[in-house]
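Engineer: Quick one, structure for this:
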Amino acid sequence: MSESNSTKTTGILKQGSILAMTSILVRIIGMVYRIPMANIIGDEGNGVYSTAFEIYNILLIISSYGMPMAVSKMVSAKLAKKRYKEARRVFRCSLLFSVISGGLAALFVFIFAGTLENTLFSAYKGITIPLRILAPTIFVVAVMGVYRGFFQGQGTMIPTALSQVIEQIVNAFVSVYAAYILIIMHSADPKMPAWGAAGGTLGTCLGAVSAFIVLMVIYFLQRKSFKRRVSHDKRPQIQSVKSTYVLIFMTVIPIVLSQTVYQLSGIIDSTIFGKGMEFLGHSHIKIKTLWGIYSTKYRLLVSVPIAVSTAIASSMIPSLVQSIVSRDKKAVVYKVNLSIKFNMIIAIPSAFGLMVLANPILKLLFRNSDYKTGSLMLILGSFCVVFYALSTMTSGVLQSIDKMSLPVYHSLISLVIHVVLVLILLLFTPLGVYAMVIGNVTYPLGVCILNAISVRKYLKIKQETKTTFILPTIASLVMSVCTILAYAIVNKVFPRLIVTVPVALIVAVCSYFVVLLKINTLTKQELFEFPFGRKMYILATKLRIMK
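Structural biologist: Model (predicted):
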């Protein structure tokens, strides 16, 4: 690998690391506030909250969820050719596109929230209340996505990262406080859990508004610099306004379709579970309670490492596009391989860690609820983390090389298999809610297998397996043994979860990276591209873990 390509790859992973570290921080904040909020509104309220969010997410995706990635891709392609005027036109046209699509989606949710509750989601009574609070959030997030994509297209993830942190902090404070106040105010109302869920959605709305303000401030501060580059671009604009909108439409639609199919799995699961459990004779309260456990105690925890994968995939797009535009095939292959390896080094131990510490983590976080059901879900479904990480990364690769429709087809095929499997397991076996967990593993597995076949076909990449998959798995197995022993020993000496779980997590992280480096999974150059990689290398050499 040449020094030039190495430098380019360092840039992508450094920018990816910024978003990855931010995603971890944001998810930690999200978990921290969701714990008291979940305890305030209860499992039934969490069932309403998560179902409302499934509907919100699908409308957000349909309206303009693909805009950050699409704008990032289009702007980076223009900047690679130094066509600053056309990059500005892409930004302006994308902004108008999102204002219209986001506004229409917001109006739809607000007006038809009651209709959605009475037809498709009758098992989740009360979702109209949180849905109407979420409606304006769709508009704000749609417009905000254009600004995030514009910054990412210029190769900087800092505005996105900063706005995400501010968004989640505001979200956390408002969600917990509003849920508490609304539960007290509506304590005599049969829809009390729905009002608690509405408090959580109010936090989402005000968090998005705060993030948008941050992005606007950053945009106005750097606008002069970008204007200067535009003024120096004396070349005539090849692309008309009409062709720019066509480009936006052709770029956004495949991303939107891919994300829509992905999100449909969640909303279909919610509908299938609700209608299926109703058909089997279960009460609405039981349905909402079980769905609340699934969405809060299982999906919330697995979403943390998945968020890292999404961040790395997003940050990879501009760099890959630039390499493709410059026809640097070696750089493209190197970046893809290293990004997948980087991803697996995080995803594989995360899956093992969630599996071996499922019970104590849920006991610690959700003391007053059914942690046994949640912990069994984590044990059964923790490896969805690996498959979601791979499917997200490979979808990003295919979109970068203009094979935009392939992730859509792959997601549709996997979704059909997923729906058939979940229906069979739910209606003809006693698995109940665990059928949803199995489906949550098999769906991304299907996507990542189909994506991997296409990546190999079009990029002629033969993914290295030893240091990408085998060695991280070996290190994770050793980590799991060390973690179980550490938890058991500390639990005998000081049987308090607030002590045993953090100690077990520290042992897990330390033992994993010691074994990972000792068995030569990472080279010195690769380690330098990790967050704090140089400091890790210095420590590893002092401890004689690396040479």
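Engineer: Report how many residues lie close to residue 115.
Structural biologist: Neighbour count for residue 115, taken as other CB atoms under 10 Å: 10. For glycine as for every other residue, the C-beta is placed from the backbone atoms N, C-alpha and C.
Engineer: The residue lying closest to residue 394 once chain neighbours are set aside: which element?
Structural biologist: Leaving out its chain neighbours, the residue that sits closest to residue 394 by CB to CB, 6 or more residues apart in numbering is residue 451, at 3.6 Å. Per DSSP states H and E: residue 451 is located in helix 434-459.
Engineer: quick one: buried residues of that helix?
Structural biologist: 434-448, 450-452, 454-455, 459 (16 or more other CB atoms under 10 Å).
Engineer: which one is residue 88 nearest to, not counting chain neighbours?
Structural biologist: Once flanking residues are discounted, residue 88 sits nearest to residue 230: 5.5 Å by CB to CB, 6+ apart.
Engineer: Now do the same contact list for the one you found.
Structural biologist: Residues counted as contacts of residue 230 (CB atoms under 8 Å, 6 or more residues apart in numbering) are 84, 85, 88.
Engineer: What confidence value was assigned to residue 449?
Structural biologist: What the model reports for residue 449 is a pLDDT of 93.
Engineer: can you pull out the strands in the chain?
Structural biologist: Taking DSSP state E as the criterion, the chain carries no strands.
Engineer: Spell out which residues make up each domain of it.
Structural biologist: 3-463, 471-547 (automatic domain parsing).
Engineer: pLDDT score for the residue nearest in space to the middle of the chain?
Structural biologist: Per CA atoms, centre = their mean, the C-alpha nearest to the average position across the chain is that of residue 307, at 3.7 Å. We have a pLDDT of 72 for residue 307.
Engineer: Hmm, it is touching residue 26, no?
Structural biologist: Yes - using CB atoms under 8 Å, residue 307 makes contact with residue 26 at a distance of 7.2 Å.
Engineer: Kindly provide the distance from residue 450 to residue 403.
Structural biologist: To residue 403, residue 450 is 12 Å away according to CB to CB, to the nearest Å.
Engineer: Look up how far residue 411 lies from residue 28.
Structural biologist: Residue 28 sits 29 Å away from residue 411, going by CB to CB.
Engineer: same question, residue 478
Structural biologist: Distance, residue 478 to residue 411, by CB to CB: 35 Å.
Engineer: cool, and residue 297?
Structural biologist: For residue 297, the distance to residue 411 (CB to CB) stands at 26 Å.
Engineer: so where do the helices sit in the stretch 251-400 of the chain?
Structural biologist: 284-293, 299-325, 329-356, 358-365, 371-381, 384-400 (DSSP state H, counting those that start in this stretch).
Engineer: which stretch in those has the least confidence?
Structural biologist: If the helices of the stretch 251-400 of the chain are sorted by mean pLDDT, helix 299-325 sits at the bottom with a mean of 69.
Engineer: that older thread, Serialize the contacts of residue 230 to TSV and add fields for pLDDT.
Structural biologist: Formatted as TSV, those follow (pLDDT from 0 to 100):
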residue	pLDDT
84	80
85	82
88	83
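Engineer: Need the pLDDT of the nearest residue to residue 365 once chain neighbours are set aside.
Structural biologist: Distance criterion CB to CB, 6+ apart; nearest residue to residue 365, sequence neighbours excluded, is residue 35 at 5.2 Å. Per-residue pLDDT puts residue 35 at 79.
Engineer: Residue 426 too?
Structural biologist: Confidence at residue 426, expressed as pLDDT, is 94.
Engineer: How about the contacts made by it?
Structural biologist: By CB under 8 Å, 6+ apart, the residues touching residue 426 are 272, 273, 276, 277, 432, 435, 436.
Engineer: so can I have CSV of those residues showing pLDDT and distance to residue 93?
Structural biologist: Output for the contacts of residue 426, formatted as CSV (pLDDT from 0 to 100; distance: CB to CB, whole Å):
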residue, pLDDT, distance to residue 93
272, 91, 39
273, 91, 40
276, 91, 44
277, 91, 46
432, 90, 49
435, 94, 45
436, 93, 40
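Engineer: and of the residues you listed, the nearest to residue 105?
Structural biologist: residue 272 (23.8 Å; CB to CB).
Engineer: Neighbours of the closest one, how many?
Structural biologist: The tally of other residues near residue 272 (other CB under 10 Å) stands at 19.
Engineer: my guess is it meets residue 420, correct?
Structural biologist: No - contact between residue 272 and residue 420 fails when scored by CB under 8 Å: they sit 10.7 Å apart.
Engineer: Check what pLDDT residue 27 gets.
Structural biologist: What the model reports as pLDDT for residue 27 is 69.
Engineer: before we move on, what about residue 3?
Structural biologist: On the pLDDT scale, residue 3 is placed at 45.
Engineer: The one 4 residues further on now?
Structural biologist: pLDDT, the model's per-residue confidence, is 47 for residue 7.
Engineer: contacting residues for residue 257?
Structural biologist: Applying CB under 8 Å, 6+ apart to residue 257 gives the contacts 405, 408.
Engineer: Same question for residue 423.
Structural biologist: By CB under 8 Å, 6+ apart, residue 423 lies in contact with 272, 276.
Engineer: switch to 7 Å and redo it
Structural biologist: Residues near residue 423 by CB atoms under 7 Å, 6 or more residues apart in numbering: residue 272.
Engineer: ok, it to residue 50 distance?
Structural biologist: 20 Å.
Engineer: cool, residue 376 as well?
Structural biologist: For residue 376, the distance to residue 50 (CB to CB) stands at 19 Å.
Engineer: next one: residue 216
Structural biologist: Going from residue 216 to residue 50 by CB to CB gives 31 Å.
Engineer: And residue 513, by the same measure?
Structural biologist: 34 Å.
Engineer: repeat for residue 59
Structural biologist: Separation of residue 59 from residue 50 (CB to CB) stands at 15 Å.
Engineer: same question, residue 342
Structural biologist: Counting by CB to CB, the gap from residue 342 to residue 50 is 30 Å.
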